[in-house]
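K.L.:
requesting a structural model of the entry that follows:
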Amino acid sequence: MNKKSLRRSILAKALVPGALIALAVPDIAYADVAGVTVTVPEATMGPATTFTGVSSRADCADGLVSGGGVNQTIGTESTRNGNHVLGMAPSPDGLTEYTESPGVVGTDVRHWLAFGGSGGNAGPAFSTTAYAVCLSTPRIRHTQVVMYQKAGPTAPQSSEVVVATCPVGTMLLGGGVRNTPASVGSLKPIGSFPTFNDAAHDFGRKPAAEGEVNPDSWTAVGGIGGGHGNNGNTTFAYAICTGDRVNVSGMTTEVHFREVTGPTGPGTGRTATIGCADDDGQDRHGRGRHGGQGDKSLLISGGAAASGGDVTTKGFTKAGSGGTHLNGSFPSGSDGNPVGNGSTTAASWTANIHAGGSPSPDTYTDVWALCLTMNRGHRQ
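P.N.:
Residues are numbered from 1 along each chain as shown. This is a model prediction of the structure:
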């Protein structure tokens, strides 16, 4: 064998193992690399005047928004009864909302907006903070936002239900709700949760229940108290879905749900927390956090509602007072405390409900966690 042939032979032997590694490693890495980071900005103070609103913005430097939340400080005096969530929604640029023609309105969103409003009371202690849940995985390179809207509610003590459904062949990752305008002080979201657009779930009016898998829709519920007439009142529902070209085989989302009684007394609040796993790191089927196949359950979004109770069996009904409202729906620890900026450990979701200034009989606090499992043994 001449020197040139010998060099060729040695080079071939050296390159073949490397070629095998190059083919194998991306397949393994593709299935394994997935994570969630929560970004949290400084709180936006206000609103300091009645019948106005403020917004807070959170951005995903890495990954795409799969969901998001909001939390408020409300003060300690009677003015706290007037502070309420006005919305939590994906944004194309961190400044504006999707409020135009319904349908698929955006793709690959990296921004989240949270809105706070005031009723007949306002105070200097009010603030609103946005939480963006940023999902980073090669398995989900693209997402899309579906928006639907309805006029209302307008009649005193009424509500409006709006459902946004993901396109066929895609997977629901999260969603949001928005009510406008802020000038109607008793208008506010009272529900935001995963569901199914089918008869068994009353086409979105009945939320997804504990243990249900692969919901396809997100429901938004706007409520109104005593009312201030119709000033163009509108309720928006947002569903965040995987992109059209994302292969969702080998992936599953599972719903976890909890409902607690209250708040019922005027000026009182109630929280409820639910997670993807128990305190020992076991999932809710008794497997390890990485499952029987080495799968990992990731909290990718969550929801909250102030309801009349038994929502997953009877469907959504309003709480016992038109003043009952949301003060928070956010990623948290198992203790219910909100996570900090850059957290990669959020495994629970917390709902914070407030009764307002009047008694609120037959009122319940509902919370949902939507958890994603990706089969690490799956091959694309």
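K.L.:
show me the shaky parts of the stretch 201-350 of the chain.
P.N.:
227-228, 278-295 (pLDDT under 70).
K.L.:
one more pass at 90, please.
P.N.:
For the stretch 201-350 of the chain, applying pLDDT under 90 flags the ranges 226-231, 267, 277-296, 320, 322, 345.
K.L.:
now the stretch 1-150 of the chain
P.N.:
In the stretch 1-150 of the chain, residues with pLDDT under 90: 1-34, 46-48, 73-83, 100, 119-125.
K.L.:
which residues of it fall in strands?
P.N.:
Ranges of strands within the stretch 1-150 of the chain are 35-39, 44-45, 53-59, 64-73, 83-91, 103-107, 111-118, 127-136, 143-151, based on DSSP state E, counting those that start in this stretch.
K.L.:
tell me what angle the last one forms with strand 83-91.
P.N.:
Angle, strand 143-151 to strand 83-91, by axes from the mean of the first three to the mean of the last three Cα atoms, to 10 degrees: 130 degrees.
K.L.:
so what sits opposite the closest residue to residue 58 other than its chain neighbours in the bridge?
P.N.:
The spatial neighbour of residue 58 that comes closest, neighbours along the chain excluded (Cβ to Cβ, 6 or more residues apart in numbering), is residue 132 at 3.6 Å. Yep, even glycine has a C-beta here, placed from its N, CA and C like the rest. Residue 132 has these beta-bridge partners by DSSP bridges: residue 39, residue 68.
K.L.:
which residues touch residue 182?
P.N.:
Counting by Cβ atoms under 8 Å, 6 or more residues apart in numbering, residue 182 makes contact with 47, 51-53, 86, 115, 117-118.
K.L.:
and if you look at residue 208?
P.N.:
Applying Cβ under 8 Å, 6+ apart, the residues near residue 208 are 193-196, 201, 215, 255, 257, 312, 368.
K.L.:
could you export the residues you listed as JSON lines, including neighbour count and distance to residue 75?
P.N.:
Shown next, in JSON lines, are the contacts of residue 208 (neighbours: other Cβ atoms under 10 Å; distance: Cβ to Cβ, whole Å):
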{"residue": "193", "neighbour count": "32", "distance to residue 75": "28"}
{"residue": "194", "neighbour count": "29", "distance to residue 75": "32"}
{"residue": "195", "neighbour count": "34", "distance to residue 75": "34"}
{"residue": "196", "neighbour count": "23", "distance to residue 75": "39"}
{"residue": "201", "neighbour count": "22", "distance to residue 75": "38"}
{"residue": "215", "neighbour count": "28", "distance to residue 75": "36"}
{"residue": "255", "neighbour count": "25", "distance to residue 75": "34"}
{"residue": "257", "neighbour count": "21", "distance to residue 75": "30"}
{"residue": "312", "neighbour count": "20", "distance to residue 75": "33"}
{"residue": "368", "neighbour count": "30", "distance to residue 75": "28"}
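K.L.:
who wins for proximity to residue 362 among the strands of the stretch 1-150 of the chain?
P.N.:
strand 83-91 (19.7 Å; Cβ to Cβ).
K.L.:
direction included, what does that closest one pair against?
P.N.:
With DSSP bridges as the test, strand 83-91 pairs up with strand 111-118 (antiparallel), strand 172-180 (antiparallel).
K.L.:
show me how far the first one is from its chain's centre.
P.N.:
A distance of 13 Å separates the centroid of the chain from that of strand 111-118, by Cα atoms, centre = their mean, to the nearest Å.
K.L.:
before we move on, the earlier item: got the strands of the stretch 1-150 of the chain as CSV, with mean neighbour count and distance to residue 158 columns?
P.N.:
Below are the strands of the stretch 1-150 of the chain laid out as CSV (neighbours: other Cβ atoms under 10 Å; distance: least, Cβ to Cβ, whole Å):
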stretch, mean neighbour count, distance to residue 158
strand 35-39, 21, 34
strand 44-45, 17, 29
strand 53-59, 20, 21
strand 64-73, 28, 23
strand 83-91, 29, 17
strand 103-107, 16, 26
strand 111-118, 28, 18
strand 127-136, 26, 25
strand 143-151, 21, 12
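K.L.:
a markdown table for the ones you listed, including distance to residue 317?
P.N.:
Below are the strands of the stretch 1-150 of the chain laid out as a markdown table (distance: least, Cβ to Cβ, whole Å):
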| stretch | distance to residue 317 |
| --- | --- |
| strand 35-39 | 32 |
| strand 44-45 | 32 |
| strand 53-59 | 27 |
| strand 64-73 | 23 |
| strand 83-91 | 19 |
| strand 103-107 | 29 |
| strand 111-118 | 23 |
| strand 127-136 | 27 |
| strand 143-151 | 18 |
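K.L.:
closest one to residue 345 among the ones you listed?
P.N.:
Judging the strands of the stretch 1-150 of the chain by Cβ to Cβ, what sits closest to residue 345 is strand 35-39, at 8.9 Å.
K.L.:
tell me how far the residue nearest to residue 58 lies from residue 172.
P.N.:
17 Å (Cβ to Cβ, to the nearest Å).
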